[in-house]
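Trainee: Got a sequence here, can you model it:
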Amino acid sequence: MGREQWKKIWVGSAGNMVEWFDWFVYASFAVYFADAFFPKGNDTANLMNTMGIFAVGFFLRPVGGWLLGRVGDRKGRKAALTLTVTLMSASAILIAVAPTYATAGYGGVAVLLIARMLQGLSVGGEYAASATYLTEASAPDRRGFASSFQYVSMTAGQLLGLGLQIVLQRTLSDEALHSWAWRIPFIIGALGAAVVFYLRRNMLETDVYAGDEDAATDPDRGTLKALLAHKREAFLVIALTMGGTVAYYTYTTYLTKYLSNSAGMEKSTASLVSFCALFLFMCLQPVAGRLSDRIGRRPLLITFAIGSTFLTVPIMTLLRHAGSFWPALGLSLLALVVVTGYTSINACVKAELFPTGIRALGVALPYAIANALFGGTAEYVALWFKNGGIESGYYWYVAGCAAVSLVVYLTMRETRTIDLHRVGKDDAPGAPAPATRRATA
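Mentor: Now for the predicted structure:
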C-alpha cells in the first residue's frame with residue numbers, strides 16, 4: 001500500500017477518532033458528572049438518567065444518518081465528513097460549559113440534552129461517510145483492511161478518553177473529578193475537532209463517487225425514494241448490525257461501569273482494564289480486516305456471532321467475580337477478540353451492498369436505526385436489569401441479539417468480490433471485480 005493510500009486512511013481516520021473521542025468520553029466520564037446534573041440521592045438512578053440522555057443521542061442518529069447520508073450522496077463524501085466534525089465540535093463545547101444542577105437546576109440537563117442531540121446527528125452521519133470513504137478509497141482487494149481503520153480510529157478515540165481519565169484519576173482527587181475536572185476531555189475534544197476540520201477541508205473526493213456519471217445525473221440520489229428501491233439491503237444492514245452493536249457497546253463503553261459497579265473494582269483499576277483490552281483490540285482490527293480480504297467477510301461474521309451467542313453469559317458471569325486486574329483483562333480481551341469478527345469488517349460489508357448514488361444513505365440510515373434500538377440502549381438496558389435485581393438477564397439479552405444476527409450471517413451473500421463501480425448496474429451483485437479496476441480516491 002502506497003504513501004498516498006495511507007494518507008487517505010489517516011485523514012479519514014483522524015476525524016473519526018476525534019468524533020468518537022467526544023462520543024465516548026461522555027460515557028466514560030458519566031460516573032463523575034452524573035450527580036452534577038441531578039439532585040443528589042440514588043447514584044444508580046442518577047447514572048441511569050445520565051445514560052438515558054446518552055441514549056437520546058442514539059435516537060437522533062437516524063435523523064443524522066438521513067440528513068448527512070443525503071449530503072454524502074448528493075454533495076460528496078468530503079462535504080458530509082466536514083459537516084459531521086463541525087457539529088461534534090459544537091456539542092463538545094456545550095457540554096464543557098454546561099451549568100450544574102446547583103447552579104441552574106434542570107437548565108444544565110437541557111444544555112446536556114441539546115449537546116447530545118447534536119452529537120447524535122453528527123455521529124449518525126459520520127459512520128456512513130467514513131465507512132463509505134474508506135471503502136471507496138481503497139483497492140478492491142484491500143477494502144477489508146482499509147475499512148478496518150474505522151474501528152481502529154473509533155477505538156483510538158475511546159483509548160484517548162480512557163487514557164485521559166486514568167491520568168486525571170492519578171493526578172487529581174476524586175472530589176476534583178466530580179466537581180470540575182470532568183469538563184477537561186470535552187474541552188480537548190472541541191480543540192481536536194477544530195484541527196480535523198482543517199484536515200477534512202483539504203481531503204480529496206473518491207474516484208468511485210466522482211467518476212459515477214449515472215449517480216451524478218440521477219435526481220433521486222441520496223433520497224428515501226432511492227433507498228426504498230433497496231429495501232432488502234437496508235433491512236440486511238439493520239439485522240447484521242443488531243448483535244454486533246450490542247456486543248460492542250457492552251465490552252467497550254459499559255465495561256468500565258460494569259467492573260466498578262457490579263464487580264466491585266476501584267474505578268481506576270476498571271479504567272486500566274478497559275484501556276489495556278481496548279488497545280489490543282484496536283491492534284487486531286487491521287489483521288482481521290486483511291484476513292477478510294483473503295477468505296471473505298462471512299466467515300468472520302459467523303465466527304463472531306457463534307462466539308457471542310455461546311460465550312457472553314459465561315464471560316459476563318466470570319467478569320462479575322473477576323476480583324482483580326489480570327482475570328478481568330483476560331476475560332475482557334477474550335470478549336473483544338470475538339467482537340473483532342464484526343467490528344473489523346462491518347463498515348465495508350455495508351458499503352459493498354449499495355450502489356454509489358445511495359451508498360452513504362444506505363449505510364447511514366439503517367445502521368443508525370439499529371444503533372438507536374440496540375446500541376444506544378445497551379447500557380440503559382444493562383442498568384435497568386441491575387436496578388431490578390436481575391442483572392444476569394442482560395447477559396442473555398446480548399446473547400439473544402447475537403443469535404438473531406447469526407441467522408442473517410448464515411443466509412447473506414458474500415460481498416468481498418463485489419465491484420463498487422458496478423453495484424446495481426448491469427452486473428449481478430457479488431460478481432467478481434475486474435482485476436484491473438482500482439477503487440482509489
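Trainee: Where do the helices of the stretch 151-300 of the chain begin and end?
Mentor: 174-179, 184-201, 207-210, 213-217, 224-228, 231-251, 255-261, 267-295, 298-320 (DSSP state H, counting those that start in this stretch).
Trainee: So for H421, which of those helices sits nearest?
Mentor: helix 207-210 (6.5 Å; CB to CB). (C-beta placed from N, C-alpha, C; glycine too.)
Trainee: And stretch 156-171, how far out from the chain middle?
Mentor: 19 Å (CA atoms, centre = their mean, to the nearest Å).
Trainee: which residues sit against that stretch?
Mentor: Applying CB atoms under 8 Å, 6 or more residues apart in numbering, the external contacts of stretch 156-171 come out as 13, 16-25, 28-29, 177, 181, 184-185, 188, 252-253, 256, 267-268, 271-272, 274-275, 278-279, 282.
Trainee: Any of those buried? List them.
Mentor: 13, 16-25, 28-29, 177, 181, 184-185, 188, 252-253, 256, 267, 271-272, 274-275, 278, 282 (16 or more other CB atoms under 10 Å).
Trainee: still on that earlier bit, now for the helices of the stretch 151-300 of the chain, which one comes closest to V56?
Mentor: Judging these by CB to CB, what sits closest to V56 is helix 231-251, at 15.1 Å.
Trainee: hey, C-alpha coordinates of the closest one in PDB?
Mentor: C-alpha atoms of helix 231-251 as PDB (Å, rounded to 0.1, in the frame of the first residue of the first chain):
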ATOM      1  CA  LYS A 231     -35.300  -2.400   0.900                       C
ATOM      2  CA  ARG A 232     -33.700  -5.800   1.200                       C
ATOM      3  CA  GLU A 233     -30.200  -4.400   1.600                       C
ATOM      4  CA  ALA A 234     -31.400  -1.800   4.100                       C
ATOM      5  CA  PHE A 235     -33.100  -4.500   6.200                       C
ATOM      6  CA  LEU A 236     -29.900  -6.600   6.000                       C
ATOM      7  CA  VAL A 237     -27.800  -3.700   7.400                       C
ATOM      8  CA  ILE A 238     -30.200  -3.500  10.400                       C
ATOM      9  CA  ALA A 239     -30.200  -7.200  11.100                       C
ATOM     10  CA  LEU A 240     -26.500  -7.700  10.700                       C
ATOM     11  CA  THR A 241     -25.800  -4.700  13.000                       C
ATOM     12  CA  MET A 242     -28.100  -5.800  15.800                       C
ATOM     13  CA  GLY A 243     -25.900  -8.400  17.500                       C
ATOM     14  CA  GLY A 244     -22.600  -6.600  16.800                       C
ATOM     15  CA  THR A 245     -23.500  -3.200  18.200                       C
ATOM     16  CA  VAL A 246     -24.900  -4.600  21.400                       C
ATOM     17  CA  ALA A 247     -21.800  -6.700  22.000                       C
ATOM     18  CA  TYR A 248     -19.500  -3.800  21.100                       C
ATOM     19  CA  TYR A 249     -21.100  -1.300  23.500                       C
ATOM     20  CA  THR A 250     -21.200  -4.000  26.200                       C
ATOM     21  CA  TYR A 251     -17.500  -4.600  26.100                       C
END
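Trainee: and it with helix 267-295, angle?
Mentor: Going by axes from the mean of the first three to the mean of the last three CA atoms, to 10 degrees, helix 231-251 is angled at 150 degrees with respect to helix 267-295.
Trainee: In helix 231-251, which residues are buried?
Mentor: Buried residues in helix 231-251 (16+ other CB under 10 Å): 233-234, 236-251.
Trainee: mind checking which helix or strand of this protein has the lowest mean pLDDT?
Mentor: Least confident helix or strand of the chain, by mean pLDDT, DSSP states H and E, is helix 213-217 with a mean of 71.
Trainee: so who does the residue nearest to the spatial centre of the chain touch?
Mentor: The geometric centre of the chain, computed from its C-alpha atoms, lies nearest to M154 (CA atoms, centre = their mean), at 6.4 Å. Neighbour list for M154: 16-17, 20 [criterion: CB under 8 Å, 6+ apart].
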